[in-house]
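1. Need coordinates for the following:
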Amino acid sequence: MTTTPKIAICGLGSIGKAAARLLLDHREGFEIVGAITKEAADQGRRLSEVAGSTTSSDVVVGADLSDLLSGEPDVVLLMTGSFLQDTADDVIQCARAGAGVITPCEELAFPFNRAPETARRIDEAARAGGATVLGTGVNPGFIFDSFLAAASGCSWDVTSIRGRRVVDVAGFGQNIHRRLGIGYTPAEFEKGHADGTIAGHVGFPESIQIVAERLGIPLDGPVQETFVPLVAESPAPTTYGELPAGLTEGFVQRATGMVEGRAMLEFDLVLHLRPRDAAMEPADTFEIDGTHPVKVTLSPGMDAIPATSAQIVNAVPAVLAAEPGLKTVKDLPAAAAWRNLGGGLLR
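-> Predicted coordinates:
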């Protein structure tokens, strides 16, 4: 790594733009050596303009990953998708080039059970290139895994863990709503989940597997998931117009990790266009039962976009200092809100 760490940005959607603003406006001691996006309208523009930053940047947004890697970044913030099938090749290309990767790709948070062969390929590429690869974000990456595991440090024993996250998604765009499962008839919702076109929240199995491994608790088998649609009884406002009554305005997604025949780890995620109207306050709540119970509530709950972008940027020091290979949040120090990469963080 050079004296001044080099950072590159791949993907300038809502999270990528937020990460760029965070770097430009609130962090120092590094150099941004490039940024790329698939959005043709943003290519050729200055990064600061695309991201809405108050700090001027001479970096011009491009389109090609090979060009981005020609700047020899030490780490690439790769924010292009939730699924390994869409991101694995780019991760491998970065790692082979010697660039560390930090990505909010949910399936990369703990890919060893879902896609063991892909995980092996990524780990081999990272070791060969001398790079570190980390999948992280707010969920998975923090709320339902590293934060929850850290909270269990005050426990004597753990008999069960329950978590519930209520998120107001009114500010999300239509494409994200449709991918999650908002804006469908109940029949379409059920069909979409059956054929995989409606993903819901991606990453629940990864969170439960991270916690189980951190606590040394073997699961009985695969994580079980259920989805319950929440149907609008009246038109619901969105950023792209009213959602008609009779369509889904949210859902409850539950993931369960079974241990010795019982539900030991159980996490609920409620995504809703107007949760307060449905008597649900946006918050993150956890209960760790045992001899010394631990109960935690974060209110208001974590805002997905700023929290995810912060986790990605704040993981940079740990990734730059780590041994090469594919890592998870249980392998590295928890991300902290650093200010200056040249301030001794990498020693």
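
2. any idea whether Arg114 is helix, strand or coil?
-> Using DSSP: H, G, I helix; E, B strand; the rest coil, the secondary structure recorded for Arg114 is coil.

3. residues contacting it?
-> Leu84, Glu107, Pro205, Glu206 (CB atoms under 8 Å, 6 or more residues apart in numbering). In this view, the C-beta of every residue, glycine as well, is placed from N, C-alpha and C.

4. In helices, which of the residues you listed fall?
-> Leu84, Pro205, Glu206 (DSSP state H).

5. Quick check: the second one touching Val223?
-> Yes: taking CB atoms under 8 Å as the contact criterion, Pro205 and Val223 are neighbours in contact, 3.9 Å apart.

6. Between those two, which contacts overlap?
-> Ala255.

7. What residues does the nearest residue to Phe110 once chain neighbours are set aside make contact with?
-> Leaving aside its sequence neighbours, Phe110 sits nearest to Glu206 (CB to CB, 6 or more residues apart in numbering; 3.9 Å). Going by CB under 8 Å, 6+ apart, Glu206 touches Glu106, Glu107, Ala109, Phe110, Pro111, Arg114, Gly135, Pro140, Asp145.

8. can you put those residues in CSV and add distance to Val167 and pLDDT?
-> Putting those into CSV (distance: CB to CB, whole Å; pLDDT from 0 to 100) gives the following:
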residue, distance to Val167, pLDDT
Glu106, 15, 93
Glu107, 20, 95
Ala109, 18, 95
Phe110, 21, 95
Pro111, 24, 96
Arg114, 23, 91
Gly135, 20, 97
Pro140, 14, 92
Asp145, 16, 91
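
9. Which one of the residues you listed is nearest to Arg254?
-> Arg254 lies nearest to Pro140 out of the contacts of Glu206, by CB to CB, at 15.6 Å.

10. was I right about the closest one contacting Ala109?
-> Yes: between Pro140 and Ala109 a contact is recorded at 4.0 Å, counting by CB under 8 Å.

11. tally of neighbours for Tyr240?
-> 12 (other CB atoms under 10 Å).

12. Correct me if wrong: it contacts Gly171.
-> No: contact between Tyr240 and Gly171 fails when scored by CB under 8 Å: they sit 11.2 Å apart.

13. which residues are in contact with both of Pro140 and Ala109?
-> Common contacts of Pro140 and Ala109 (CB under 8 Å, 6+ apart): Gly203, Glu206, Ser207, Ile210, Val329.

14. any chance of the residues you listed in TSV, with distance to Pro317 and pLDDT too?
-> Shown next, in TSV, are these (distance: CB to CB, whole Å; pLDDT from 0 to 100):
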residue	distance to Pro317	pLDDT
Gly203	23	89
Glu206	23	93
Ser207	23	93
Ile210	20	94
Val329	14	95
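
15. Thr4: which of those is nearest?
-> For the shared contacts of Pro140 and Ala109, the closest approach to Thr4 (CB to CB) belongs to Val329, at 26.4 Å.

16. can you give me the strands in the stretch 201-347 of the chain?
-> Using DSSP state E, counting those that start in this stretch, the strands of the stretch 201-347 of the chain run over residues 224-231, 236-238, 241-243, 248-259, 262-272, 284-289, 294-298, 325-327.

17. Nearest approach to Ala335 belongs to which of the ones you listed?
-> strand 325-327 (12.5 Å).

18. Give me the contact list for that closest one.
-> Among residues not part of strand 325-327, those counted as contacts by CB under 8 Å, 6+ apart are Pro111, Ala119, Ile122, Asp123, Ala126, Arg127, Thr132, Val133, Leu134, Val319.

19. check contacts around Gly129.
-> Gly129 makes contact with Ala95, Arg96, Ala97, Gly98, Ala99, Pro324, according to CB under 8 Å, 6+ apart.

20. Give me the phi and psi for the second one.
-> This means Arg96. phi -60, psi -30 (degrees, to the nearest 10).

21. Leu332 contacts Ala322, correct?
-> Yes: Leu332 lies in contact with Ala322 (CB under 8 Å); the separation is 5.8 Å.

22. Which residues are in contact with each of the two?
-> Leu134.

23. So, low pLDDT: which residues of this protein?
-> 1-2, 343-347 (pLDDT under 70).

24. can you confirm Ala8 is in a strand?
-> Yes: note on Ala8: a strand contains this position according to three-state DSSP.

25. tell me the contacts of it?
-> Ile32, Val33, Gly34, Ala35, Leu68, Leu69, Gly71, Pro73, Val75, Val76, Leu77, Ala99.

26. In strands only, show me the residues you listed.
-> Ile32, Val33, Gly34, Ala35, Val75, Val76, Leu77 (DSSP state E).

27. Identify the farthest-apart pair in the residues you listed.
-> Ala35 and Val75 (13.2 Å).

28. Neighbour count: those two, which is higher?
-> Taking neighbours as other CB under 10 Å, Ala35 and Val75 compare with Ala35 leading, 28 against 25.
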